[in-house]
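Chemist: Requesting a structural model of the entry that follows:
(2 chains)
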Amino acid sequence: MPIVLFRIDERLIHGQVVVGWGGQLRPDLFVVVDAGLVSSEWEQELYLLGVPEGAEAIFLSPPDARAALSDLKASPKRAVLLTRDVATMLMVAEGKAMEGESVNLGGIHSQSGREEVLPYLFLDEEDRQRLAEIAQEGVRVTARDLPGSHEGPLSTLLG
Amino acid sequence: MSEGLPARGIVLAHGGMARGLVDAVTKISGAEDGAVVALSNEGKSPQTLQDELARLLDEGPAIVFTDLPSGSCAIAARMGCRDHPRHAVVTGVNLPILLDFVFNRHLPMNELVPRLLSKGVGSVKSSPGYS
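Modeler: Residues are numbered from 1 along each chain as shown, chains lettered A, B, ... in the order given. Below you'll find the model as predicted:
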């Protein structure tokens, strides 16, 4: 089964992902890729509270996630892979590991140094450079907070 | 209540829900200013939300009321109240919970929180009733 959604969203497992996207994609596995969360059991427990009944979540470091991609694709489970920032998704995508896949930008919020690109998306120059690098790895990059929203193409994101 | 202060209610919810609930509870109860305050996650990063909540929690004992039991609001609330016995988190907030809170916020947490949970669950009813 293909990974049904690759998403960059600071909030990781939350309402838009579980209800908005989950209602359409019916995932039964959430793969959270985050170097910090891997070693923090109590924070993992907070995110596990948001996993819907019948689904499960795992927490992986970026290298472990990249190594696990082929197994995840071969699994019967419908997986959603989440990172909280662009840099982490780039680490997963490196070496053409995600070639042919699509990455969805769903939520990076206002912070010093970031410019508003869309109401739910603020990027700085490093983010833009990394998004271009993800695209160079053969990955389609777009922005859309919810399935029914207008899709923002990479050209819009890069400005 | 620790420090002798009544708890403050912080309604932490998605979109405009918190503001609406605080407006409603204030109009119905005449609760004093600051007894219940609203905090929305709209347009905020997880860190910004945690920072704003931390500033409110620093002001005294509080119960953080969230709409959902999980997600960005609940995570910020649980992180903010972690290891702070003078604070508590109550999820699934509704108006009956907040109305009971404003009239009983002087109670110790170990009495107040169970009371609020009972009030919140007990207020969800159907008509006609089904068993």
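Chemist: Show me which residues of chain B are close to chain A?
Modeler: Counting by Cβ under 8 Å from any Cβ of the partner chain, the residues of chain B lying close to chain A are B:14, B:43-48, B:68-72, B:74-75, B:78-79, B:82. Just so you know, the C-beta spots here come from the backbone N, C-alpha and C atoms, and that holds for glycine as well.
Chemist: Could you identify the buried members of those?
Modeler: Applying a neighbour-count criterion of 16 or more other Cβ atoms under 10 Å in any protein chain shown, the buried members of the residues of chain B next to chain A are B:14, B:44-46, B:48, B:68, B:70-72, B:74-75, B:78-79.
Chemist: want to throw the residues you listed into CSV with distance to residue A:53 and pLDDT?
Modeler: Converted to CSV, those look like this (distance: Cβ to Cβ, whole Å; pLDDT from 0 to 100):
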residue, distance to residue A:53, pLDDT
B:14, 21, 94
B:44, 28, 92
B:45, 28, 92
B:46, 24, 93
B:48, 31, 94
B:68, 14, 92
B:70, 12, 87
B:71, 15, 88
B:72, 20, 91
B:74, 17, 94
B:75, 19, 94
B:78, 20, 95
B:79, 24, 94
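Chemist: Let's see which of the residues you listed end up in helices.
Modeler: Within those, membership in helices is found for B:46, B:48, B:72, B:74-75, B:78-79, as judged by DSSP state H.
Chemist: The closest residue to residue B:26 other than its chain neighbours bridge partners, please.
Modeler: Closest residue in space to residue B:26, ignoring its immediate chain neighbours: residue B:36 at 7.1 Å, by Cβ to Cβ, 6 or more residues apart in numbering or on different chains. In this structure, residue B:36 bridges to residue B:9 when assessed by DSSP bridges.
Chemist: Confirm for me that residue B:36 is in contact with residue B:6.
Modeler: No: Residue B:36 sits out of contact with residue B:6 when judged by Cβ atoms under 8 Å, with a separation of 11.2 Å.
Chemist: Comparing the two, which residue is more hemmed in?
Modeler: Legend: neighbour count by other Cβ atoms under 10 Å in any protein chain shown for residue B:36 and residue B:6, higher for residue B:36 (25 against 18).
Chemist: which ones are touching the more buried one?
Modeler: Counting by Cβ atoms under 8 Å, 6 or more residues apart in numbering or on different chains, residue B:36 makes contact with B:8-11, B:22, B:25-26, B:98, B:101-102.
Chemist: at 10 Å what do you get?
Modeler: When contacts are counted by Cβ atoms under 10 Å, 6 or more residues apart in numbering or on different chains, residue B:36 touches B:8-11, B:18, B:21-23, B:25-26, B:29, B:63, B:65, B:98-99, B:101-102, B:105.
Chemist: How about residue A:12?
Modeler: A:30, A:32-34, A:37, A:46-47, A:50, A:57, A:59, A:82-84, A:107, B:46, B:71-72, B:75.
Chemist: Quick check, pLDDT for it.
Modeler: Model confidence at residue A:12, given as pLDDT, is 95.
Chemist: need the helices for chain A, in chain order.
Modeler: Across chain A, reading from the start of the chain, the helices by DSSP H fall at A:15, A:22-25, A:35-38, A:41-48, A:62-74, A:86-93, A:125-136, A:154-158.
Chemist: Pick the most buried one from the ones you listed.
Modeler: Each of the helices of chain A was assessed for mean neighbour count using mean count of other Cβ atoms under 10 Å in any protein chain shown. The highest is helix A:86-93, with a mean of 23.
Chemist: just the CA coordinates of that one, formatted as PDB?
Modeler: Written as PDB, here are the backbone C-alpha positions of helix A:86-93 (Å, rounded to 0.1, in the frame of the first residue of the first chain):
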ATOM      1  CA  VAL A  86      10.800  21.200   6.000                       C
ATOM      2  CA  ALA A  87      14.400  20.200   7.100                       C
ATOM      3  CA  THR A  88      13.200  16.900   8.500                       C
ATOM      4  CA  MET A  89      11.200  16.100   5.300                       C
ATOM      5  CA  LEU A  90      14.300  16.800   3.200                       C
ATOM      6  CA  MET A  91      16.300  14.400   5.400                       C
ATOM      7  CA  VAL A  92      13.700  11.700   4.600                       C
ATOM      8  CA  ALA A  93      13.700  12.500   0.900                       C
END
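Chemist: ok and it relative to helix A:125-136, angle-wise?
Modeler: Note on geometry: by axes from the mean of the first three to the mean of the last three Cα atoms, to 10 degrees, helix A:86-93 and helix A:125-136 are set 20 degrees apart in direction.
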